[in-house]
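J.: predicted coordinates and the sequence they were generated for:
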Amino acid sequence: MAYRKGAFTRPQFLAQLRLLFPAAAVRRAVASNGRATRDRVWPQWLLVWTLIGWYFQAGWALPAVARWFRPLARRPRAPTDPALCQALKRLGYKLLWWVRTRLVGWPADPARDPTAFYRGRRLVGVDGTTFTAADTAANERTFGRAGNQYTPSG
């Protein structure tokens, strides 16, 4: 999915977020993995949504992303930057790992996308990776040599 700055309006973004990460599932994640804390200005389930939103607006400051979610809070006052940092520390990684493993799936499913697999294994393209092999005649016969129109490579 290509993303460009300004591609979403706030209502469009929130609608898609609710579709991909339903509030009930995020609240369930918080209930099963969140740390027990008092009810704060920015509840933990809303902090999870804010972090997901920050992924899509990475050039923004976290409080700017939080302002998008202000109408969803019980007391609609945007938290300050230090308050958000402290909330992230309290949140921990286990809750986000739960959300990732249960709500975010692989981009290809064998039942829906059989061409993304070969003999039961997921096909993955790796770009920019190089492997070192010994400079032997056997390897040259097997793999060949890269090069340009003038000479082969070393």
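T.: Structure's in. What do you need?
J.: now the strands for the protein?
T.: Per DSSP state E, the chain carries strands over the ranges 117-118, 121-122.
J.: outside of stretch 46-54, which residues touch it?
T.: If you take CB atoms under 8 Å, 6 or more residues apart in numbering as the criterion, stretch 46-54 is touched by 13, 17, 21, 26, 29-30, 42, 60, 62, 65-66, 68-69, 72-73, 84, 87-88, 91, 95-96, 99. The C-beta positions use only the backbone N, C-alpha and C, and glycine is treated the same way.
J.: how far away is the most centrally placed residue in the chain from Trp49?
T.: Centroid check for the chain by CA atoms, centre = their mean gives Tyr55 as the closest residue, at 6.7 Å. To Trp49, Tyr55 is 11 Å away according to CB to CB, to the nearest Å.
J.: intersection of neighbour lists for the two?
T.: Here Tyr55 and Trp49 have no joint contacts, going by CB under 8 Å, 6+ apart.
J.: which parts of the top helix by length along the chain are buried?
T.: For the chain, the helix that runs over the most residues, judged by DSSP state H, is helix 44-56. For helix 44-56, burial by neighbour count (16 or more other CB atoms under 10 Å) applies to Gln44, Trp45, Leu46, Leu47, Val48, Trp49, Thr50, Leu51, Ile52, Gly53, Trp54.
J.: same check, this time on stretch 122-132
T.: Counting neighbours, the buried set in stretch 122-132 is empty (16+ other CB under 10 Å).
J.: what residues does it touch?
T.: If you take CB under 8 Å, 6+ apart as the criterion, stretch 122-132 is touched by Trp106, Ala108, Ala116, Phe117.
J.: mind listing what the first one touches?
T.: The contact partners of Trp106, taken as CB under 8 Å, 6+ apart, are Arg122.
J.: got phi/psi on it?
T.: Trp106 adopts backbone torsions of phi -70, psi 150, taken as degrees, to the nearest 10.
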